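>>> Have a look at this prediction, sequence included:
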Amino acid sequence: MAAHSHEEHTHAQRVSFYAKTLWVLMVLLVVTVWAGFLKLPDWLGIAVALTIAVTKATIVIMNFMHVRFSSKLAWLFAGAGFFWLIIMFAFAFADYASRHWEPVQGW
Amino acid sequence: MATITAQTGTERINYLNVRTTVASWLLTLDHKRIGILYLLGITLFFFLGSLAAAAIRLELATPKGDLMTSDTYNKMFTIHGVLMIFFFLIPSIPASFGNFVLPMMIGARDVAFPRLNLLSWYFYMIGGVLATIALLKGGIDTGWTFYTPYSSAFAKGEVSLAIVGVFLVGFSSIFTGINFLVTIHKMRAPGMTWFRLPLFVWAMYATSLIQVLGTPVVAITLLLVAVERTFGIGIFDPNRGGDPILFQHLFWFYSHPAVYIMILPGMGVISEVIATFSRRRVFGYHFVAFSSLAIAIIGFLVWGHHMFSTGQSIYAGIVFSFLTFLVAIPSAIKTFNWMATIWKGRVHWEAPMIYALGFLGLFVIGGLTGLHLASLATNVHLTDTYFVVAHFHYVMVGGAIMAYMAALHYWWPKMTGRMYPQSWAKLAALMVFVGFNLTFFPQFILGYMGMPRRYHSYPEEWWALNLLSSAGASILGLGYLLPAIYLVWSLKYGRIAEKNPWGARGLEWEVVDTLPHPHNFERTPIVTRPAYDYAHPEEPTAIFPAPRPAYVGGGGKDG
Amino acid sequence: MVSVREAELHLIEHGREVPHLGEQYETIEQQNDAYTIGMWAFIVQEVLFFGGLFASYAVYRFKYLYEFVAAHHTLSVVFGALNTFVLLVSSYTMARAVRAAMLQQHKTQFKYLLWTIFFASIFMVNKYFEYSSKYHHQLIPNQSYSAEEVIHHNHLKVDNGMVDLGKRKVSLEEFTGRTKLFFSFYFIMTGLHGLHVLVGIIILAILAVRAYSDHIRRVPHADYMPVEMVGLYWHFVDIVWIFLFPLLYLMGGQ
Ligand SMILES: [Cu+2]
């Protein structure tokens, strides 16, 4: 591509966009630390901490990594990694979570 | 057609004569040369792995363990497994033929990342050398699976070094996968839509997905074993709180899909060969294309079928068993469509086609016996018997290596510019087929009778079948040796090949010269027809409109 | 894929005039797209590489919940939060460097690359202090590992060689093995992540040198893709930490 039109093809955003993103991430950081000090039951603690972590990661992926402005293909690749991660977790835990259902002692 | 008529010999510039120094090979960025480099490496490791196989069959020719001790025998089948799986089967078709023909098939001048491509070859070779050193220096007796605690608490020999070798070859595989994914997405010539792609390209796409998504998991798992060994921690050691079954989960998360890394490219080759020698578009093109993707995806959901008798929850086992049955469907779709293609086509009985037909026969047996192993109840009886050994050799040797031989004979003229003697090639194909069945069919029966794998001695009553198996292996060995002889012979004395010796459709035959130009295409083709358009022989697959403007950037070695 | 018309028009209009266009590509858009998709494929690979570790950690946390929670309490939330803060800021400075590269502002790019290196180094220094405090408390999972600090920190009672975890008792030997498992994962996960940070620092330094030389030579149209790709890598490293922080430091269930 001719060099004169490079600005039109980049994903460069205004500076305030990046600054706002950082602020949101900072707020989420404070929230997750605060939630960590609450005496929540284990499952709820995990749920809260992971929800916030997923939110933070999504914001980084969308805004800093520019997936929000990228082609469908980039969306597909970004999604595939996490989908396969879920497969790995789901099927491994299908084993560990159901082992004690076994009708056999000491299995 | 708007190309220069095929001239052979040495007067035209091609990828072989453009530069001939050793450095020009070791530093090459040309996908074709990297494919050849891979072919050489793969042949080396196939040869080493075969020697170990010969030792195994020699030992099993008699019931007593008289040739080697049980320890040596353990090391021998580990050498055989590690070299054949990681250093032959995994890179065999993708890294050699995939590298060589895939860019030509889609009308590209090269893969997307040529430097990464070369780097992956170096990873492969360094990994291979390290693993070979480990296997020879003391050897390892874990089996190719590196199961804990064989590889940790009870390990003998150079397990860590072998792990480093496999780790490196894993990343070589990942790099190839990334390269091909991007190449198929972004480097297709104008007009080369997804449904005009040859089915080999679809198969390579599915393979690359598995390479990128699966291989890192086995890499980290083996890294954990190495860390466990080095620092004395107990990640997979039950004495220290670890769980050896977790190792198997992570290992098979990759290693079951890895089976499809080995067989999917083979299926792609078979689609090409059957279409060419039946002079017909592959029947049910869309089904065959999507079944490759289906195999790649469903293949990730079935790994627990390797763990039915390990203490994995039976409820998980039921799910894994059911999903394993599902994966048979796309494989069957392919097989039926190939048969329909042959049925409706005009078959030309050339050597690659004979290999492809051999593939069909053996793969069907291998696939169907997989269903016996996928059912929970029969699996308990057959686990760790010779039935399993026979099953995966039917898929891996009867399937993947048959397809590899078909690919070698199919693209040999394009790679070397020479023809090999057809009758010798057909004889070799026949010997491989007969020898293979003699070797491995008795093992189904032995396994059914309960003969366990991985022992160097066995009771007298299994002697006859084992002897038959060893005798068959010698025929099989000769069947593999024969091509080595006549192919090398053909390099010097073979008839000079014309551009399209098989009368095939596809850019790599119709447009690319025999002995391809360093950049494959002197001008970027514009594709106008789907793959395998044998119904319209008068229509070229690609056209060349305006002449390409002169290079401004780039290397300027434009021939 | 480049459409027929696009490719033809492009060749007729421009030829191959961009100096950093690879021989195998037709247009610079094609090359940039290929880099982007390739980098994402690499990140997918990295996700599953770390994923194997996360899955193993999750399995053992599930199996040995009480022991893992007790061990986790010995980690310093302050240090973890500080490092999260530092990495998030470095992600921001990286995004600014990428922006500057896209706009061909070489000097700004140089400045923000240095800031990114600076924050990454602070992260590493923090990690150094954390690791040495673990060493000090014999929490390095090697032969000299001892669960004493974990027991002491959680005010756990030990009698007759049994550790009282409230809802259940385990032998001291088991307790030592299982908490040692936690620290094994702690060191492997943060160590592998730290290795990625180190590699990042090296690449960022190379990019900074390039940006500075582009500035000196007043290159009018430098290739911004290397910076954008390293940016993707750097943000990914940040994301790994975004998950490591709550998993290791925060999730101490009751
Ligand atoms: Cu399997």
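That came in fine, so what should we check first? On a predicted model such as this, the values are computed, not experimentally measured, just so you know.

>>> Show me the shaky parts of the chain.
If you meant another chain, say so; for now it's chain A. Applying pLDDT under 70 to chain A flags the ranges A:1-9, A:102-107.

>>> Chain C is the one I meant
Chain C contains residues with pLDDT under 70 at C:1-17, C:252-254.

>>> Please, where are all the helices along it?
C:4-14, C:28-63, C:65-72, C:77-102, C:106-136, C:148-153, C:172-216, C:225-244 (DSSP state H).

>>> Tell me which of these lies nearest to residue B:305.
helix C:28-63 (19.0 Å; Cβ to Cβ). Backbone N, C-alpha and C define where each C-beta goes, glycine included.

>>> is the closest one anywhere near chain B?
Yes: using Cβ under 8 Å from any Cβ of the partner chain, helix C:28-63 reaches chain B at C:30, C:33-34, C:37-38, C:41-42, C:44-46, C:48-53, C:55-56, C:59-60, C:63.

>>> how about the residues of the stretch 151-254 of chain C that lie near chain A?
C:220-221, C:224, C:231-232, C:235-236, C:238-239, C:242-243, C:245-247, C:249-254.

>>> ok, now with 6 Å
C:221, C:232, C:235, C:239, C:242, C:243, C:246, C:250, C:251, C:253, C:254 (Cβ under 6 Å from any Cβ of the partner chain).

>>> what's the answer for the stretch 1-150 of chain C, then?
C:14, C:28-29, C:37, C:40, C:44, C:47, C:51, C:55, C:59, C:81, C:84, C:88, C:91-92, C:95, C:99, C:102-103.

>>> related to what we said a few turns ago, would you list the helices of chain C in JSON lines and tack on mean neighbour count?
Output for these, formatted as JSON lines (neighbours: other Cβ atoms under 10 Å in any protein chain shown):
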{"stretch": "helix C:4-14", "mean neighbour count": "15"}
{"stretch": "helix C:28-63", "mean neighbour count": "22"}
{"stretch": "helix C:65-72", "mean neighbour count": "22"}
{"stretch": "helix C:77-102", "mean neighbour count": "23"}
{"stretch": "helix C:106-136", "mean neighbour count": "18"}
{"stretch": "helix C:148-153", "mean neighbour count": "17"}
{"stretch": "helix C:172-216", "mean neighbour count": "19"}
{"stretch": "helix C:225-244", "mean neighbour count": "23"}
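
>>> Chain neighbours aside, what residue packs nearest to residue B:241?
residue C:177 (4.0 Å; Cβ to Cβ, 6 or more residues apart in numbering or on different chains).

>>> for the helices of chain C, which one sits closest to residue B:468?
When the helices of chain C are ranked by distance to residue B:468, counting by Cβ to Cβ, first place goes to helix C:28-63 at 42.7 Å.

>>> packing partners for that closest one?
Applying 3 or more Cβ pairs under 6 Å, 6 or more residues apart in numbering or on different chains; DSSP states H and E, one finds that helix C:28-63 contacts helix A:72-98, helix B:159-186, helix B:199-231, helix C:172-216, helix C:225-244.

>>> mind checking how far the residue nearest to residue C:172 when sequence neighbours are not counted is from residue B:147?
With Cβ to Cβ, 6+ apart as the criterion, residue C:172 has its nearest non-adjacent residue at 5.0 Å, and that residue is residue C:161. Distance of residue C:161 to residue B:147, given as Cβ to Cβ, to the nearest Å: 33 Å.

>>> Quick check on the two: which one has the bigger neighbour count.
residue B:147 (17 against 9; other Cβ atoms under 10 Å in any protein chain shown).

>>> Next, the more buried one: secondary structure please.
For residue B:147, the assignment made with DSSP: H, G, I helix; E, B strand; the rest coil gives coil.

>>> Next to chain C, which bits of the stretch 351-500 of chain B? Give me the list.
Checking the stretch 351-500 of chain B against chain C by Cβ under 6 Å from any Cβ, there are no hits.

>>> now do chain A
Counting by Cβ under 6 Å from any Cβ, the residues of chain A near chain C are A:1-3, A:10, A:12, A:18, A:22, A:25, A:29, A:32-33, A:36, A:39, A:41-42, A:45-46, A:49, A:53, A:56-57, A:60, A:64-65, A:73-74, A:77, A:80-81, A:85, A:88-89, A:92, A:96.

>>> Moving C-terminal from the helix or strand where residue B:271 lies, which element do we reach first?
Remark: residue B:271 resides in helix B:244-278, with elements defined by DSSP states H and E. Next helix or strand after helix B:244-278 toward the C-terminus (DSSP H and E): helix B:285-298.

>>> Against which helices or strands is that next one packed?
helix B:199-231, helix B:314-344.

>>> quick one: strands adjacent to the lowest-mean-pLDDT helix or strand in chain B?
When the helices and strands of chain B are compared on mean pLDDT, DSSP states H and E, strand B:542-543 comes out lowest with a mean of 88. Partners of strand B:542-543 in the sheet, by DSSP bridges, are strand B:526-527 (antiparallel).

>>> circling back to that earlier point, only whichever of the residues of chain A next to chain C are buried, select them in PyMOL.
Buried members of the residues of chain A next to chain C, defined by 16 or more other Cβ atoms under 10 Å in any protein chain shown, are picked up in PyMOL with:
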select buried, chain A and resi 1+10+12+18+22+25+29+32+33+36+45+46+49+53+56+57+60+64+65+74+77+80+81+85+88+92+96
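
>>> Tell me which of the residues of chain A next to chain C fall in helices.
Going by DSSP H, the helices hold A:18, A:22, A:25, A:29, A:32-33, A:36, A:42, A:45-46, A:49, A:53, A:56-57, A:73-74, A:77, A:80-81, A:85, A:88-89, A:92, A:96 from the residues of chain A next to chain C.

>>> Check the offset of stretch C:77-89 from the chain's centre.
12 Å (Cα atoms, centre = their mean, to the nearest Å).

>>> Tell me how many other residues crowd residue 67.
Since no chain was named, I'll use chain A. When neighbours are counted by other Cβ under 10 Å, residue A:67 comes out with 20.

>>> that's the wrong chain, I meant chain B
Neighbour tally, residue B:67, other Cβ under 10 Å: 16.

>>> part of a strand, is it?
No: using three-state DSSP, the secondary structure at residue B:67 is coil, not a strand.

>>> Just list the residues touching it, thanks.
B:58, B:59 (Cβ atoms under 6 Å, 6 or more residues apart in numbering or on different chains).

>>> One more pass at 8 Å, please.
When contacts are counted by Cβ atoms under 8 Å, 6 or more residues apart in numbering or on different chains, residue B:67 touches B:55, B:58, B:59, B:456.

>>> Return the per-residue confidence for it.
With respect to pLDDT, residue B:67 has a value of 91.

>>> Distance-wise, check it relative to residue B:462.
17 Å.

>>> What is the end-to-end distance of stretch B:231-250?
End-to-end distance for stretch B:231-250: 21 Å, by Cα to Cα, to the nearest Å.

>>> which residue sits closest to residue 32, ignoring its sequence neighbours?
Chain wasn't specified; assuming chain A. In space, and not counting its chain neighbours, residue A:32 is closest to residue A:52: 4.3 Å by Cβ to Cβ, 6+ apart.

>>> Can you look at chain C instead?
Residue C:32's closest residue in space is residue C:225 (Cβ to Cβ, 6+ apart), at 5.6 Å.

>>> Could I get the contacting residues of the one you found?
Listed by Cβ under 8 Å, 6+ apart, the contact set of residue C:225 reads C:31, C:32, C:35.
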